[in-house]
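Student: Pasting a predicted model and its sequence here:
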Amino acid sequence: MNRIFTIALLATVIMGCTPEKVSPVADPYVFTTPSNFPKASYTFENNPVTKDGFELGRALFYDPVLSSDSSIACANCHQQVTAFADPVHRFSKGVGDVNGVRNAPAIQNMAFQTHFFWDGGANHLDFVPINAITSNIEMAEKLVNVLKKLERGKTYPEKFNAAFGSKEVTSQKMLYALSQFMCMLVSSNSRYDKYVRGEGEILTSQELNGLSLFSQKCSSCHATDLFTDGSFRNNGLDASFALDSGRQRITEISGDRGKFKVPSLRNADVTKRYMHDGRFNTLKEVLDHYGSNVIVSETLDPILNSNGVKGISLSEQQKLDIISFIKTLTDTEYTHDKRFSNPFLK
């Protein structure tokens with residue numbers, strides 16, 4: 001009798017409770033533009049992200065089978081913990097330990113970009129992997145060989161079937177899958193993001209002062225909440241560019257000599273080294289360059305040579321404040337998101 005009474009009492013209590021509202025969980029495989037970001041540029045109408053397509057791209061990104069001797073994966077030079085930059089090498093390392101000629105840039109917010117690589121050599125994300133796969137100083141492989149290896153793989157035909165409805169392995173499907181993975185690599189949950197979106201984050205007085213200084217002195221190039229305007233500029237690193245002509249290599253326009261793509265400063269504190277050739281090791285060195293070491297050349301950006309004044313006037317305290325602000329752009333959710341981790345390491 002006591003047991004029946006207890007059960008009845010519990011039922012009454014449970015039925016009398018007002019259930020808490022449960023927020024719907026966002027689909028982790030649907031691309032969403034953060035509210036403080038501009039509109040995405042990627043052609044999702046041609047290649048919408050799906051879970052199976054994303055997972056295929058993720059596997060390909062981490063699989064060294066894409067290289068000629070199966071020793072180099074995309075992830076070798078693009079490691080998640082450093083926002084998919086290279087934390088070890090100044091220059092990219094390819095098959096046979098060959099040195100590249102540029103520093104591997106971070107991979108983040110790719111869906112919002114229209115040009116890729118330091119010289120803008122690709123104008124669509126779908127074409128980006130081709131460069132790394134076929135370059136003799138990177139993966140040193142031919143696309144046709146990659147497809148044959150994937151066809152022979154135990155799991156890839158089924159993965160292609162799940163993603164695209166056919167076991168046929170084609171270059172378009174492979175590139176689409178890699179793009180789906182890279183499109184989802186969105187970094188938008190730094191302390192700064194949560195501050196500007198009013199999500200309860202508070203910046204310190206030094207960080208706020210750094211933000212103000214950044215807006216005055218840096219945002220002409222590092223614009224919008226992507227922290228890049230996507231342009232190509234000569235930022236006064238050298239007087240001549242015999243070793244690397246930058247954007248001119250692509251356009252063959254003399255006025256583009258020595259110009260390189262403006263990188264995003266998101267996660268800049270963890271993506272060291274800096275500049276296209278990785279010459280600087282710290283953010284302080286970067287600001288020292290802009291403060292007093294800008295070199296004048298024919299194509300130097302006018303912002304850095306205004307009225308005969310070279311560079312950007314910065315006191316030592318201002319440099320510290322700007323660095324303090326830049327550190328608020330570090331997105332640890334991004335660098336530790338399990339969706340983007342190596343699927344072969346369980």
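Tutor: Nice, thanks for sending it over.
Student: which stretches of the stretch 1-150 of the chain form helices?
Tutor: Residue ranges of the helices in the stretch 1-150 of the chain, as given by DSSP state H, counting those that start in this stretch, are 2-16, 51-62, 74-77, 128-134, 143-152.
Student: Going by mean pLDDT, which of those comes out lowest?
Tutor: Note on these: lowest mean pLDDT is at helix 2-16, with a mean of 39.
Student: remind me which residues of the chain are low pLDDT?
Tutor: Counting by pLDDT under 70, the chain has low-confidence residues at 1-25.
Student: For residue 282, which non-adjacent residue is closest in space?
Tutor: Closest residue to residue 282 apart from its sequence neighbours, by CB to CB, 6 or more residues apart in numbering: residue 272 at 6.7 Å. C-beta here means a position set from N, CA and C on the backbone, and glycine is covered the same way.
Student: Please apply the same query to residue 255.
Tutor: The spatial neighbour of residue 255 that comes closest, neighbours along the chain excluded (CB to CB, 6+ apart), is residue 299 at 6.1 Å.
Student: Also residue 98?
Tutor: In this structure, residue 98 finds its nearest non-sequential neighbour in residue 137, 5.0 Å apart by CB to CB, 6+ apart.
Student: ok, that neighbour - contacts?
Tutor: Shown in contact with residue 137 (CB atoms under 8 Å, 6 or more residues apart in numbering): 92, 94, 98-101.
Student: Buried ones from those residues, can you make that a ChimeraX selection?
Tutor: Buried residues among those (16 or more other CB atoms under 10 Å), as a ChimeraX selection:
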select :92,94,100
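Student: Take the contacts of residue 137 and keep only those in strands.
Tutor: With strands defined by DSSP state E, no entry of the contacts of residue 137 lies inside them.
Student: Could you export the contacts of residue 137 as CSV, including distance to residue 156?
Tutor: Compiled in CSV, the contacts of residue 137 are given as follows (distance: CB to CB, whole Å):
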residue, distance to residue 156
92, 26
94, 23
98, 27
99, 31
100, 28
101, 32
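Student: Quick check: of the contacts of residue 137, which lies closest to residue 27?
Tutor: Among the contacts of residue 137, residue 92 lies closest to residue 27 (CB to CB), at 34.2 Å.
Student: residue contacts, the closest one?
Tutor: Per CB under 8 Å, 6+ apart, neighbours of residue 92: 77, 86, 99-100, 102-104, 137-138.
Student: Can you tell me how far the residue nearest to residue 255 is from residue 305?
Tutor: Using CB to CB, to the nearest Å, we find residue 299 at a distance of 11 Å from residue 305.
Student: likewise residue 258?
Tutor: Distance of residue 258 to residue 305, given as CB to CB: 13 Å.
Student: what do you get for residue 197?
Tutor: Distance, residue 197 to residue 305, by CB to CB: 37 Å.
Student: go on, residue 88?
Tutor: Counting by CB to CB, the gap from residue 88 to residue 305 is 35 Å.
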